[in-house]
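J.: Next one to model:
(4 chains)
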Number of protein chains: 4
Amino acid sequence: MAGNSFGNLFKITTFGESHGEALGGIIDGCPAGITIDFEAIQNDMQRRKPGQSSIVTQRKEEDEVQFLSGLFEGKTTGTPIGFIIPNTNQKSDDYSHIKDTFRPSHADYVYVKKYGIRDYRGGGRSSARETASRVVAGAIAKQVISDIKINAFVSAVGEIAIDKPYQDLDFSKIESNPVRCPDELIAQQMEAHIKEIKKQGDTVGGIITCVIQNVPIGLGEPVFDKLHAELGKAMLSINAVHGFEYGEGFCSAKMKGSEHNDSFNPDGTTKSNLSGGIQGGISNGMDIYFRVAFKPVATLLQKQEVLTNKGEIIELQGKGRHDPCVVPRAVPIVEAMSALVIADYFLLNKIHQTK
Amino acid sequence: MAGNSFGNLFKITTFGESHGEALGGIIDGCPAGITIDFEAIQNDMQRRKPGQSSIVTQRKEEDEVQFLSGLFEGKTTGTPIGFIIPNTNQKSDDYSHIKDTFRPSHADYVYVKKYGIRDYRGGGRSSARETASRVVAGAIAKQVISDIKINAFVSAVGEIAIDKPYQDLDFSKIESNPVRCPDELIAQQMEAHIKEIKKQGDTVGGIITCVIQNVPIGLGEPVFDKLHAELGKAMLSINAVHGFEYGEGFCSAKMKGSEHNDSFNPDGTTKSNLSGGIQGGISNGMDIYFRVAFKPVATLLQKQEVLTNKGEIIELQGKGRHDPCVVPRAVPIVEAMSALVIADYFLLNKIHQTK
Amino acid sequence: MAGNSFGNLFKITTFGESHGEALGGIIDGCPAGITIDFEAIQNDMQRRKPGQSSIVTQRKEEDEVQFLSGLFEGKTTGTPIGFIIPNTNQKSDDYSHIKDTFRPSHADYVYVKKYGIRDYRGGGRSSARETASRVVAGAIAKQVISDIKINAFVSAVGEIAIDKPYQDLDFSKIESNPVRCPDELIAQQMEAHIKEIKKQGDTVGGIITCVIQNVPIGLGEPVFDKLHAELGKAMLSINAVHGFEYGEGFCSAKMKGSEHNDSFNPDGTTKSNLSGGIQGGISNGMDIYFRVAFKPVATLLQKQEVLTNKGEIIELQGKGRHDPCVVPRAVPIVEAMSALVIADYFLLNKIHQTK
Amino acid sequence: MAGNSFGNLFKITTFGESHGEALGGIIDGCPAGITIDFEAIQNDMQRRKPGQSSIVTQRKEEDEVQFLSGLFEGKTTGTPIGFIIPNTNQKSDDYSHIKDTFRPSHADYVYVKKYGIRDYRGGGRSSARETASRVVAGAIAKQVISDIKINAFVSAVGEIAIDKPYQDLDFSKIESNPVRCPDELIAQQMEAHIKEIKKQGDTVGGIITCVIQNVPIGLGEPVFDKLHAELGKAMLSINAVHGFEYGEGFCSAKMKGSEHNDSFNPDGTTKSNLSGGIQGGISNGMDIYFRVAFKPVATLLQKQEVLTNKGEIIELQGKGRHDPCVVPRAVPIVEAMSALVIADYFLLNKIHQTK
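T.: The predicted structure follows:
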């Protein structure tokens, strides 16, 4: 209810503030007997980590996961997997200047209004640092649904966007550049643009596309828990996300039914896949694809007007180490949330598979 | 878990197939002591009902709600409100031709694959007729949060779209035309376009914009249950919805932080509201606004290829009474789902208001 | 949250007041493809029904179930099963005398204090009439877990109790007498006692024992959702229940470990079964057995002191048609709640059965 | 779903095995702004801790709680409270002898059957060591409902039982003896009995009584979530508990209605309180009292027959450090679970308090 859990059968609950002792979480409902690939988990953590390239924040966060339970001799036991990620490099001093102020388009103000108190250091609970816990859980979820392939990538940074369908892209190129864009020419433009934005002390938004392949037919629950509805919620729960569309999304609103319908092949697959792999909220075995819109990061390294807790408007110079563009680091987060949704519905669907 | 419930503290569970005995639902958690305005409920039902104008399906559905519990002498008692909407005008014969076939971009195929059985009459549970129950619950939710104003309207039909910000629209005009578009000139174009599409036996998609005003600060729960994440899920759970964006949505992905940030006024309101009334998943007291993309209705009154349960592709002529464009009738559904989300978070927020 | 739902994967939500239009409920999560035995459902309804013998209330309630959804050509479809039980024989006049009074050991007073309002007719929502909906759901749950045998029976009425272990009883005798006690000699004593109590205008408590046989190993979830914890909650949620014990229950508190431990046979069964078929919250394949204590019905056909809503104590003569002893009619309710718990855990356990 | 969470609005999720790195949990939904009394938490931990007296196990467990989040400058912030309790003194060698065996009346066997794998060291997840996390959460819950007084105590050990009503006991004496029995004479007999049992290498069961005072009227939700049903589930989820009764419990089954009914005083209190402070599942403001039956600890320091994973029955000599009687250490656990239930319903009841 208080909003720190996600999923039902495969469920993650997270805790932790940006500058507290540690982040962490509990994964409950992970099936027993899975041999965990710890390297794969740490690899996803590296992809989310600050400081990994010149276009992301140079903050140092070690992001080393410590598993405390739920594993025995390298395998899951069916009991809850508790883990922590110590905050080893908090510089709380960096944030003393925002103690009494509310920054524009941050959660500072609403937290104080809602709770009457806030941990102002680095955004506290509203910091995207929380997503480190999601990446841990998502990396394990991927291992639960290991036959299903999830690939997310940056498809737009500001006005610069890939203009090809995902089918024409080579996913093996995603990690070949710091932007995580599989179109290498576009990737170079994006990188240059982010560097330029950074120089200005400004930030820029972007879009991540995610493609989920080899999905069994039947995942998703009507009526309220349609597969895409839960995917949408998962994505919209990621910091800075302002939009979600699957299949043709907002473009489909402009189309006619005769253009949009996906005709069947005799084997039940469809000739086109404008529906994005989901019908009536249930996977149909075709590729699931969707796009996630991220607003620009609100923390600027420029002067901005802020509100003080005394009701004054003053100018404040942004400082610290922040991302000029969040989407390259958000790619593993989108994948993690996708994996959490799919794993949850995958387990739930077992109910229908035998009497 | 099986997906037929929505909400936590103010919770709706629905049942019913398109051509069964009745639809209905249970509203659990409605606060006690509210004098119910039954006319307001029936009015929202009328807005959703087929046959209300020449641009929607001419199917007749009486959609009369019968309340069976939870009310005493016109007031809510705090106990669950059970209600049914009898299906008085089912013509099951209309659907015998689809008994053994799977229509493109319908849920027929995935239901059979998931459950091994389907009620093929009129789409069964996957029919949008289910949304009648949501409108009942939403109409009651509106009365729980009566100070909060929710206005949805059609902002695009195919390529025809309102090009003004919502602030320049007169919401009192929404019900003045059958399209439910407050810009009367655009409304006429939309109406003409829908008629043309209908003549072709085709369908067309569209967009609904929703504006929620007078929202108290503090609604929404971090981390996973951000207010806009739950609104997004609510909207994506509506039949035919393929996209959701709030605030500037996908446009924000193109913007710079210096353009997108909303500066404060001394009273805590903001000068601009590109964030759409939500920060960090929590309402900030400014208007909440979002857009919902609907794909075109999949049922065409044209010949289409369908798959048979024997794995053959045959041509089938669509017949029956169907909507050429779903958005005019979906306006009260978007409002209903908004009201359900807001009422739920409104009740949940009481926890934080006193020790 | 508001307390009208039970279960997770196999979930029942009920609505309805004693003297409203109808009772009813929604069963969500019932697996698809089950051919429903409607006679078995109605048979359980008959066992719960008032007026079935001279030792129960002579109220007439038809208790005919109408299914509104979720079934197609006699089979479950995987969609929610909505049902209603019309209240055909309410005599609201019977209750006008209690409109302004609070009866001792009834829920009248707390409902008004909690909700500020109550439907005073026949106890409203707090009436045991609500359990009719549970019996419907339980009868369907029994059909989901048809290999598992659930037998409840009356083991005590007041001071009169069966003094044999359940293994020495013939369950086929349970329905052979109006008390539902398989020990026919004891049954006669119980029946005579209830008639005597009834003559006095008084009521008496009793105990129901329930035995669940042929349970697969592995049902139940540690830590908080132990199988017996959920069974206990299920039983304690039945009107008038004041105690629950499984295995040796309160007697085990007097025992030594060397007496209580159940030694294994080589095949994993145990020589004794003092643990009641559950270890660490998980079924071990042995018989599950438990006892449920019912307090005497609070409504007496005698003069009693009542509190008025003006804070006066007055004498009121009880009238109407009430049970002198609730346990004979509660037998199918205990079975129904048992079936709901077992069906829910049975479905949940599928997660662990394959990767 | 996987059973490691308890509560809804005030929710605890726990993780950890007896001999893993650490135990811990996440408390989600704790209201903001509460100044935490850390000493009170540690004090409850001490009461649960092994080695505190000569009648409990001499195992050393430091049980020092480390809070990782959700607190700022000593106050709750409304964000999840993550905590860990490192396992500093595991002697895994102690358990190698049970690696391939299943002990009678332990969870060893069912865990392997359910999950296909088990962490055999010290009982793993099924160890009562898990309750340390509950005590932490319960100690915080007590501070949320600080006006409500919860007192649990040992009322029976084997055949030795307090024979006075709780009203005649002095709760300030509970902590004055190692048994936690407020009747000092009986306490001495219990202590002597436990020592005797210990000498035999045997164990003995017992009963804990709990009294909750100063409870506001209105806590509890009909129908399925009655206050005593949730209290019952909470208690039955504690290791070794086999029975729960509230008010007169199993005794009420022997009573007549005219004896059992609690007559009102003009102020709404009742003259007697045989109902145990709850009517229709809702607190009525009178004292809530209930009894919890614990079976004897299954681990004996005697030879016992065990089953091997090869299907052989062999004799095994129990060793290690175990409790001869669990009830003295279970007193704070009963209190903790009570506090969790009451805090949850206390928050939930806020919904009904304003429109």
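J.: Now for residue A:215, how many residues are close by?
T.: If you count neighbours by other Cβ atoms under 10 Å in any protein chain shown, residue A:215 ends up with 25. C-beta here means a position set from N, CA and C on the backbone, and glycine is covered the same way.
J.: That one and chain C: what is the separation?
T.: Residue A:215 is 17 Å from chain C, where distance means Cβ to the nearest Cβ, to the nearest Å.
J.: do residue A:290 as well
T.: 26 Å.
J.: The stretch 51-200 of chain A: strands as residue ranges?
T.: Counting by DSSP state E, counting those that start in this stretch, the stretch 51-200 of chain A has strands at residues A:66-67, A:71-72, A:75-76, A:81-86, A:101-102, A:149-157, A:160-161.
J.: Quick one: closest of the ones you listed to chain D.
T.: strand A:81-86 (3.3 Å; Cβ to the nearest Cβ).
J.: Go ahead and produce PDB holding the CA coordinates of the closest one.
T.: This file holds the C-alpha atoms of strand A:81-86, laid out as PDB (Å, rounded to 0.1, in the frame of the first residue of the first chain):
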ATOM      1  CA  ILE A  81      16.200 -13.100  -1.100                       C
ATOM      2  CA  GLY A  82      17.300 -10.200   1.100                       C
ATOM      3  CA  PHE A  83      20.100  -8.000  -0.300                       C
ATOM      4  CA  ILE A  84      21.800  -4.700   0.500                       C
ATOM      5  CA  ILE A  85      23.800  -2.200  -1.500                       C
ATOM      6  CA  PRO A  86      25.900  -0.100   0.900                       C
END
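J.: Quick one: mean pLDDT for that strand?
T.: Strand A:81-86 shows a mean pLDDT of 97.
J.: Do any residues in it lie close to chain C?
T.: No: against chain C, strand A:81-86 shows no contacts by Cβ under 8 Å from any Cβ of the partner chain, the least distance being 12.8 Å.
J.: what's next to that strand, contact-wise?
T.: With contacts defined as Cβ atoms under 8 Å, 6 or more residues apart in numbering or on different chains, strand A:81-86 is touched by A:16, A:21-28, A:30, A:62-71, A:132-133, A:136, A:140, D:15-16, D:22, D:24, D:68, D:82, D:84.
J.: Quick check on the nearest residue to residue A:13 once chain neighbours are set aside: phi, psi?
T.: Using Cβ to Cβ, 6 or more residues apart in numbering or on different chains and skipping the chain neighbours, the partner closest in space to residue A:13 is residue A:5 (4.3 Å). Backbone torsions of residue A:5, given as degrees, to the nearest 10, read phi -120, psi 150.
J.: show me where the stretch 101-250 of chain A has helices.
T.: A:108-115, A:131-144, A:184-199, A:227-236, A:249-252 (DSSP state H, counting those that start in this stretch).
J.: can you count the residues close to the closest residue to residue A:176 other than its chain neighbours?
T.: In this structure, residue A:176 finds its nearest non-sequential neighbour in residue A:184, 7.0 Å apart by Cβ to Cβ, 6+ apart. Residue A:184: 12 surrounding residues under other Cβ under 10 Å.
J.: Next up, the contacts around residue A:160.
T.: A:186, A:189, A:190, A:193.
J.: want to throw these into a markdown table with neighbour count and distance to chain B?
T.: Shown next, in a markdown table, are the contacts of residue A:160 (neighbours: other Cβ atoms under 10 Å in any protein chain shown; distance: Cβ to the nearest Cβ, whole Å):
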| residue | neighbour count | distance to chain B |
| --- | --- | --- |
| A:186 | 21 | 15 |
| A:189 | 17 | 14 |
| A:190 | 30 | 12 |
| A:193 | 20 | 11 |
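J.: now whatever residue of the stretch 201-350 of chain A ends up closest to chain B: how far from residue B:207?
T.: Per Cβ to the nearest Cβ, residue A:280 is where the stretch 201-350 of chain A lies closest to chain B, at 2.5 Å. For residue A:280, the distance to residue B:207 equals 21 Å [Cβ to Cβ, to the nearest Å].
J.: the more surrounded of the two?
T.: Legend: neighbour count by other Cβ under 10 Å for residue A:280 and residue B:207, higher for residue A:280 (27 against 22).
J.: what's the closest non-adjacent residue to that one?
T.: Sequence neighbours aside, residue B:107 is the residue nearest to residue A:280 in space, at 2.5 Å (criterion: Cβ to Cβ, 6+ apart).
J.: Run through the residues that contact the one you found.
T.: By Cβ under 8 Å, 6+ apart, the residues touching residue B:107 are A:222, A:279, A:280, A:281, A:282, B:123, B:126.
J.: List the ones among the residues you listed that fall in strands.
T.: A:279, A:282 (DSSP state E).
J.: I'd like the contacts of residue B:107 written out as a markdown table, with pLDDT added.
T.: What follows is these, written out as a markdown table (pLDDT from 0 to 100):
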| residue | pLDDT |
| --- | --- |
| A:222 | 90 |
| A:279 | 97 |
| A:280 | 97 |
| A:281 | 98 |
| A:282 | 98 |
| B:123 | 86 |
| B:126 | 93 |
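J.: Between the contacts of residue B:107, which sits nearest chain D?
T.: For the contacts of residue B:107, the residue nearest chain D by Cβ to the nearest Cβ is residue A:222; the value is 19.5 Å.
J.: What distance do you get for the closest one to residue B:110?
T.: Distance of residue A:222 to residue B:110, computed by Cβ to Cβ: 10 Å.
J.: Which residues are in contact with each of these two?
T.: What both residue A:222 and residue B:110 touch, as defined by Cβ under 8 Å, 6+ apart, is the set A:280, A:282.
J.: Near chain D, which residues of the stretch 201-350 of chain A are found?
T.: Counting by Cβ under 8 Å from any Cβ, the stretch 201-350 of chain A has no residue next to chain D.
J.: Name the residue of the stretch 201-350 of chain A that lies nearest to chain C.
T.: For the stretch 201-350 of chain A, Cβ to the nearest Cβ, closest residue to chain C: residue A:350, 4.6 Å.
J.: how far away is the closest residue to that residue other than its chain neighbours from residue A:31?
T.: Once flanking residues are discounted, residue A:350 sits nearest to residue C:350: 4.6 Å by Cβ to Cβ, 6+ apart. Using Cβ to Cβ, residue C:350 is found at 11 Å from residue A:31.
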